[in-house]
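the amino acid sequence is not available; the structure is as follows:
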């Protein structure tokens, strides 16, 4: 965590750098080349995309969409690749590495990237494969007024959250005081991951692709998720992060586990009443059981450079993206959009949850080549248990069987 | 027409069909028979701002060599078709041999992704198709008997559900069915149950999806039948009236037989369309309650790791399913033509 502290402590000095850099305008001119971005769609990434596009002398295009994962591998496999850079997270970079469509960045860093701080470099097997620009994590968000009215202390664990939810319900304040991105599919699987890690579980037998989640921790995980869902709106299986945020802004939820990158929207004065946004407070990550590991995962978002493009395009892409993640990108408007990793970042209250998650020793989302297959298998099967259609053991057995058949097809298992 | 002339006449479309229909199918079939190479995994050290950890990664050098040696992948034969995500032969056999009752066997079957998807797909197809035809027919008869002045606007409004993009149309219905939407709240009021939620109940979700299906495609059936109604022989209708046939009898014995070939046509198109049900499940966020074969393909391709062989196998099974569904109608049409 040393790097992290350096990042925060270095703030004052970097503010100075920011001002000087702003004085020479955009400060990004590239001789020639093509820059084409594929990435997810949320405010911080839109900022990065727009800033890269400021560079003079390049042929620029960007495709920022929630469907980026289904497009990036296909769009980078051809030669020359359609996209010269993909903005990815620690989960989605794995697919690009598996398919061998991104290039190591060491040469480009030596030539153009001396200014990029070492903490932003993501290395795989000793080679830099991505440059991270922000950190993200899920953590507690709560309504201070509701908790106070019900006499509930701010929870630090899911067990306390359950007790608090019962107190709020008993006090007649809210029928469904809890929220969460529990939509069947990716979101639900992610909540399982959080809770399973929080229970101290390991997803695979060490050093192999053999899944091992049908155990005590797996059952405890599912049961905790089910217990929480009793206090959620009955439609919870259709609520993704967007719908959960909308529920929050409508004032229907008092406590939830939510992405740090989405808190800005909840705390601004758009979309909700004053009583909701002014009482929206960020907490730390929640614990569960007695493992001592928070029930959340750490994420970074960063950019890569495609392998199947000319060296000229790669150089242009690298320079444009390096410009986009330079300290100059930070200003009043963009500062609160994320927990930025650039020098000059000053944490705002909205970002405290992510910082607390890092400080509490949370584990990063695992970067193993077969984690994505398990994530899909989890997303397809947990809903059955949540609806009470089958036992936890049966659901876990189904997940393991679904994963095993997919991993066999992909050649990870024999 | 001379054979030579005929050949040159159909040549362009035959070529296009070969290129854009036959070739992709061949490629999908081929893909479904191969799987990924065995992955060569190596232990690596990954470092990020959160610290360093030892983990596994794919060995690119070794994998590249394997790919160059066998570009199609590893030959798997029918393995993908028979695995748990598809026909699940061994799981079905086990469910059969360990069954306590027939119901137990079916719940074991329903626990397997392919059969679960098939159950919804078939239910949807066999309920939505006839309802679409019946509703479309009655709208056509009703519109046909309104006065000429309002007929234009009536046709326009009846067509709207079909004009709206499926994804958008189903999203609109999805929000109306929300517990706080007009239809959802109305249902709660009707059932006198404030906790009733369409999105939380599997049976209600199935019904909502099917209602959407009928709502969306009834206008298609309507337009076809309405066109057919314009060609009903007026002399036959008049003589039926003189013979004392009432309105129902005229529809039953004159109009309906006249439209029968069109029913076959609509049934054919609707069976195909409904078997590929996809958009409403996405828009309704109904994956927890209902999956279809198309959804299975979509999730295979949409995950962080794409399962191309699995998606290809499901596609081939979908083609086979459509062929089986259409065969009775096709055989019938073929016989009818044979009679002429």
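Here it is on my side, so go on. Worth saying up front: this structure is predicted, and the values here are computed from it rather than measured. Residues are numbered from 1 along each chain as shown, chains lettered A, B, ... in the order given.

pLDDT at the residue sitting nearest the centre point of chain B, what is it?
Among the residues of chain B, the one closest to the centroid is residue B:276, at 1.8 Å (Cα atoms, centre = their mean). pLDDT, residue B:276: 91.

where does the stretch 301-414 of chain A have low pLDDT?
Along the stretch 301-414 of chain A, no part satisfies pLDDT under 70.

cool, chain A as well?
Scanning chain A for pLDDT under 70 picks out A:1-26.

these two touch, right, residue A:264 and residue A:43?
Yes - contact criterion Cβ atoms under 8 Å: residue A:264 and residue A:43 qualify, at 7.0 Å. Heads up, the C-betas are built off the backbone N, CA and C, glycines and all.

residues that sit against both of the two, list them.
residue A:337 (Cβ atoms under 8 Å, 6 or more residues apart in numbering or on different chains).

OK, contacts around whatever residue of chain B ends up closest to chain A?
Per Cβ to the nearest Cβ, the residue of chain B with the smallest distance to chain A is residue B:304, at 3.1 Å. Contact analysis of residue B:304 by Cβ under 8 Å, 6+ apart lists A:69, A:91-92, A:94-95, A:371-372, A:375-376.

looking at those residues, which one is closest to residue B:143?
Among the contacts of residue B:304, residue A:69 lies closest to residue B:143 (Cβ to Cβ), at 46.1 Å.

and for the residue nearest to the centre of chain B, nearest residue in space, chain neighbours not counted?
Nearest residue to residue B:276, sequence neighbours excluded (Cβ to Cβ, 6 or more residues apart in numbering or on different chains): residue B:294, at 5.2 Å.

residue B:127 too?
residue B:210 (5.4 Å).

per-residue confidence at that neighbour?
Note on residue B:210: pLDDT of 95.

which SSE is it in?
helix B:202-229 (DSSP states H and E).

where's residue B:77 relative to residue A:152, distance?
Residue B:77 sits 60 Å away from residue A:152, taking Cβ to Cβ, to the nearest Å as the criterion.

do residue B:103 as well
Taking Cβ to Cβ, one finds residue B:103 at 45 Å from residue A:152.

higher neighbour count, these two?
Of the pair residue B:103 and residue A:152, residue A:152 is the one with more neighbours under other Cβ atoms under 10 Å in any protein chain shown, namely 23 against 9.

in the stretch 301-414 of chain A, which residue sits closest to chain B?
Across the stretch 301-414 of chain A, the shortest distance to chain B (Cβ to the nearest Cβ) belongs to residue A:372, at 3.1 Å.

any idea how far residue A:189 is from that residue?
For residue A:372, the distance to residue A:189 equals 10 Å [Cβ to Cβ].

now do residue B:81
Here residue B:81 is placed at a distance of 26 Å from residue A:189 (Cβ to Cβ).

okay, now the domains of chain A?
Split into domains by automatic domain parsing, chain A comes to A:2-136+A:299-359, A:137-297+A:362-409.

may I see those domains arranged in JSON lines, with distance to residue B:316 as well?
Shown next, in JSON lines, are these (distance: least, Cβ to Cβ, whole Å):
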{"stretch": "domain A:2-136+A:299-359", "distance to residue B:316": "21"}
{"stretch": "domain A:137-297+A:362-409", "distance to residue B:316": "15"}
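
hang on, the earlier thing: which one is the residue of chain B closest to chain A nearest to, not counting chain neighbours?
The nearest residue in space to residue B:304 (Cβ to Cβ, 6+ apart) is residue A:372, at 3.1 Å.

how far does the longest strand along chain A sit from its chain's centre?
Looking across chain A with DSSP state E, the single longest strand is strand A:127-143. With Cα atoms, centre = their mean, to the nearest Å as the basis, strand A:127-143 stands 5 Å off its chain's centre.

list the buried ones in the following helix or strand past that strand?
Following strand A:127-143 in sequence order, the next helix or strand is helix A:144-150 (DSSP H and E). If you call a residue buried by 16 or more other Cβ atoms under 10 Å in any protein chain shown, then helix A:144-150 has these buried ones: A:145-147, A:150.

can you add distance to chain B and give the residues you listed back as CSV?
Listed next are those as CSV, based on distance: Cβ to the nearest Cβ, whole Å:
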residue, distance to chain B
A:145, 22
A:146, 20
A:147, 24
A:150, 22
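
closest to residue B:289 out of the residues you listed?
Among the buried residues of helix A:144-150, and counting by Cβ to Cβ, the member closest to residue B:289 is residue A:146, at 31.0 Å.

fine by me, we can end here.
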